[in-house]
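# Predicted model and sequence follow; I will ask about them next.
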Amino acid sequence: MSSSTQPRRIIYPGTFDPITHGHEDLVRRAALLFDEVVVAIAAETPKNPIFSLEDRVALARETLAGIPGVRVRAFSGLLIHLLEEEKTHLILRGLRAISDFEHEFQLASINRRMDAQIETLFLMTSDQHTFLSSSLVREISRLGGDVSAFVQPAVARALKQQFSDRVDHRPSGK
């Protein structure tokens, strides 16, 4: 940990729609490396989230509640402005596969171009989570599948509730 009086803080930004065991694993590992991990949930996103910002924040808080040094918050606007507000220049990003790298490299490069002090640190996803993404979890849940192996129970319940009014796509067995 940092020996200065200022805590070493890193921002882990994302949509978290929903937060998965993969996200949770990255936060747990980052919390061992930094004094504080701020999970920053984006209000503006081109991804059309299924959960409201308030729900995404609440689910993340519940999922990450037992991890020391972790704080969950919403943010809007540019990430560089959040970094200024949080008095840090460190961004955490997870990489599942080489396919993630190009997009993440582009984001890291543009952030650094806007503020030369910004550093983006990449953590490789643990082997058991390399296949896991929020979009896959949403799709499995939407189609009536069991997502309990991929998310915390509160998230699984929220997903089930979110899709409860949808048509059941499972075969009838006839």
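Arrived safely, thanks for sending. Numbers count the residues shown, from 1 in each chain.

# Would you check that H21 makes contact with L132?
Yes. Counting by CB atoms under 8 Å, H21 does reach L132; the two are 6.7 Å apart. Heads up, the C-betas are built off the backbone N, CA and C, glycines and all.

# tell me, what's touching these two both at once?
Shared contacts of H21 and L132 (CB atoms under 8 Å, 6 or more residues apart in numbering): F150.

# May I see the buried residues of the lowest-mean-pLDDT helix or strand in the chain?
Lowest on mean pLDDT, DSSP states H and E among the helices and strands of the chain sits helix 98-114, with a mean of 90. Buried residues in helix 98-114, counted by 16 or more other CB atoms under 10 Å: D100, A108, N111, R112.

# Let me see the ranges of the helices in this structure.
Here the chain has its helices, by DSSP state H, at 21-31, 53-64, 79-85, 98-114, 134-142, 153-162.

# Can you mark which positions in the first one are buried?
Think helix 21-31. Taking 16+ other CB under 10 Å as the criterion, helix 21-31 shows H21, G22, H23, E24, D25, L26, V27, R29, A30, A31 as buried.

# List the residues that contact the last one.
A31 makes contact with V37, I67, P68, G69, V70, according to CB under 8 Å, 6+ apart.

# So L107 is in contact with I118, correct?
No. Applying CB under 8 Å as the test, L107 and I118 come out as separate, 10.5 Å apart.

# Brilliant, that's me finished.
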